[in-house]
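K.L.:
Give me a 3D structure for the following:
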Amino acid sequence: MDLKGRSLLSLEDFTADEIRFLLNESKRLKADFKAHKRTKPLSGLTLGMIFQKRSTRTRVSTEVAM
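P.N.:
Numbering: from 1, shown residues only. Below is the predicted model:
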């Protein structure tokens, strides 16, 4: 399933099959992480985060995750 170029702003923008696909993909990535299979699915992409309120803890944890 190709979701390239789409943003996840609301679940209402996706079909049930697309949501199932996203959940299954998340499950696969989590299993790979637990099995120490290090993949970089976001390699080469530019990511951005917007926060409504200042929070050092949130900012730092997000930077580490990205």
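K.L.:
for the top helix by length along the chain, packing partners?
P.N.:
Looking across the chain with DSSP state H, the single longest helix is helix 16-34. Helices and strands touching helix 16-34, by 3 or more Cβ pairs under 8 Å, 6 or more residues apart in numbering; DSSP states H and E: there are none. Glycine gets a C-beta too; all of them are placed from N, C-alpha and C.
K.L.:
Next secondary structure after it?
P.N.:
helix 56-65 (DSSP states H and E).
K.L.:
Any idea how far apart the tips of stretch 31-42 sit?
P.N.:
17 Å (Cα to Cα, to the nearest Å).
K.L.:
Centre of the chain to that stretch, how far?
P.N.:
13 Å (Cα atoms, centre = their mean, to the nearest Å).
K.L.:
Next: stretch 26-46.
P.N.:
Distance, centroid of stretch 26-46 to centroid of chain: 10 Å (Cα atoms, centre = their mean).
K.L.:
Give me the residue at the spatial middle of the chain.
P.N.:
In the chain, the residue lying closest to the centroid (Cα atoms, centre = their mean) is residue 26, at 8.1 Å.
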